[in-house]
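A.B. asks: Build me a model:
(one chain, ligands or ions: 2)
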Amino acid sequence: MSLDIAWVLRWMHLSQEAIAENRVELIDLDRQIGDGDHGENMDRGFTAVGKALEGAEFDTIAAVLKQVAKTLMSTVGGAAGPLYGTAFLRAAKACGEELEAQDVADMMAASVGGIQARGKATTGEKTMVDAWAPARDAAQKAADSGASAEETLRAAAAAAREGAEATKPMKATKGRASYLGERSIGHLDPGAVSSAILLEQAVEAIDG
Ligand code: ADP
Ligand code: MG
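C.D. replies: Numbers count the residues shown, from 1 in each chain. Ligands and ions are numbered 1, 2, ... in the order given. Sure, this is the predicted structure:
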């Protein structure tokens, strides 16, 4: 199975389903250290993505990702909307026709670059960067060691999940959760968790 336009469309379809399934969990996580809207925001965004992609014709992976970026920017809202929008937009600019391992690594690097350009967070601040930065590093390591595109994506998704889990003991210093200071410790960051969910769907989409 190659990482082509059919894969990216499947990825977005699975993301819509997975975000809907995890809507309540994401709401609960955001209730603990934020304002409780992350699950709602993401579900609204990916429902709109599903509608935007349905029946439309796309020639390239980049065209799909650009549409996704545009849709997320205009529907998700909150802090996460512009951050995810920028991530998908930068990913679109980084990808070719059929993704090789290095293309996957480049897409991850471009996404996290966009998130950081927009949100100014670095690792350890208890944000989605703590999922994406390890995903980027794992992808580059996999690509360097001769892994396939699929293996590279798997490595990235696994690292994103681990990174999301690792936000629990962190103290938030960016975003709404930072208002809680020490009280943000002991909770998972909702945006890091939604990021892990999305990257896991990219892997699911390979498996068909
Ligand atoms: P809001 O915080 O406006 O209610 P959401 O609840 O939709 O927006 O999204 C919150 C998530 O956004 C956080 O869990 C975090 O992962 C992410 N986030 C917030 N601020 C930043 C930032 N400056 N950089 C990266 N990610 C951020
Ligand atoms: Mg929120």
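
A.B. asks: pLDDT value on Ser2, please?
C.D. replies: If you check Ser2, the pLDDT there is 84.

A.B. asks: these two touch, right, it and Glu98?
C.D. replies: Yes - using Cβ atoms under 8 Å, Ser2 is in contact with Glu98, at 5.1 Å. For the C-beta atoms, the positions are set from N, CA and C on the backbone; glycine is no exception.

A.B. asks: Name the spans of the protein whose pLDDT lies under the cut-off.
C.D. replies: For the chain, the stretches with pLDDT under 70 are 1, 208.

A.B. asks: How about the contacts made by the closest residue in space to Glu100 that isn't next to it in sequence?
C.D. replies: In space, and not counting its chain neighbours, Glu100 is closest to Ala149: 5.4 Å by Cβ to Cβ, 6 or more residues apart in numbering. By Cβ atoms under 8 Å, 6 or more residues apart in numbering, the contact set of Ala149 is 2-3, 99-101, 103-104.

A.B. asks: rerun at 6 Å
C.D. replies: For Ala149, the contact set (Cβ atoms under 6 Å, 6 or more residues apart in numbering) comprises 3, 99-101, 104.

A.B. asks: Most neighbours among those, which one?
C.D. replies: Neighbour tally across the contacts of Ala149 (other Cβ atoms under 10 Å): the maximum, 29 neighbours, falls on Val104.

A.B. asks: tell me which element that one is part of?
C.D. replies: Assessed by DSSP states H and E, Val104 sits inside helix 101-119.

A.B. asks: what comes up buried for that helix?
C.D. replies: If you call a residue buried by 16 or more other Cβ atoms under 10 Å, then helix 101-119 has these buried ones: 101-116, 118-119.

A.B. asks: same check, this time on stretch 193-208
C.D. replies: 193-206.

A.B. asks: Can you list the neighbours in contact with that stretch?
C.D. replies: Stretch 193-208 is contacted from outside by 1, 7, 10-11, 14-15, 18, 22, 26, 29, 42, 128, 131-132, 135, 150, 153-154, 156-157, 160-161, 164, using Cβ under 6 Å, 6+ apart.
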